[in-house]
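Asker: need a structure here:
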Amino acid sequence: MSSRRLLKAASAIREVVSMAILTELRNPRVSGVTVTGVEMSPDMRQAKVHVSIMGSEQKQAECLEALQRSAGFLQAKINDRIETRYTPKLEFVIDKGVKHSIEVARILRDVLPKEEEPEDEESDDESTEPQE
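Answerer: Predicted structure coming up:
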C-alpha cells in the first residue's frame with residue numbers, strides 16, 4: 001500500500017476526529033484536547049491518534065480514558081464521513097512533543113548566557129542633559 005494513500009487517510013481521520021471532539025463529543029472530561037497527528041497501520045485497520053491535552057497529569061489521564069471510551073462514537077463518525085473498506089480501530093496516545101519543546105526552551109534559557117538589554121535611548125538623553 002502506498003505511503004501517500006496512508007498519509008491521505010491519516011490526514012482525513014485527523015480532521016474528522018478533531019472536529020468530532022470539538023463539536024460533537026459531550027463528555028465534560030474531554031476538554032483542552034488537540035489532535036496533533038494520526039499514524040495508520042499499513043492495512044488501515046488501526047489508527048493511533050496522538051493528542052495533546054492541557055492540564056495536570058491527573059486531568060490528562062482522565063481525559064485520555066474518556067477519549068478511549070468515546071472511541072466507538074468517533075469510529076462511527078469516521079465511518080459516516082470517510083469511505084473505506086474498513087473503519088480503523090482508534091487508539092489514543094498522549095503526544096508529549098509540545099511539553100518536551102517547552103521544557104527544552106526553559107532549560108536553554110537557564111543554561112545560555114543572558115543577553116544584556118540595550119538601554120533605552122530616551123533615558124540616555126535625559127541623563128546627559130545639563131542640570132540647572
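Asker: helix, strand or coil for residue 52?
Answerer: strand (DSSP: H, G, I helix; E, B strand; the rest coil).
Asker: burial count for it?
Answerer: Residue 52 has 17 neighbouring residues, counting by other C-beta atoms under 10 Å. Heads up, the C-betas are built off the backbone N, CA and C, glycines and all.
Asker: now it. Nearest residue, chain neighbours left out?
Answerer: With sequence-adjacent residues excluded and distances taken as C-beta to C-beta, 6 or more residues apart in numbering, residue 52 is closest to residue 34, at 4.5 Å.
Asker: where does the prediction get shaky in the chain?
Answerer: By pLDDT under 70, the weakly predicted segments of the chain are 1-2, 116-132.
Asker: in this protein, which spans are helices?
Answerer: 3-23, 57-69, 71-81, 97-111, 121-128 (DSSP state H).
Asker: for residue 51, which of these is the nearest?
Answerer: Of all the helices of the chain, helix 57-69 sits nearest to residue 51, with 6.8 Å by C-beta to C-beta.
Asker: now the closest one against helix 3-23, angle please.
Answerer: With axes from the mean of the first three to the mean of the last three C-alpha atoms, to 10 degrees as the basis, helix 57-69 and helix 3-23 are set at 110 degrees to each other.
Asker: what number of residues lie near the residue nearest to residue 52?
Answerer: Neighbour count for residue 34, taken as other C-beta under 10 Å: 14.
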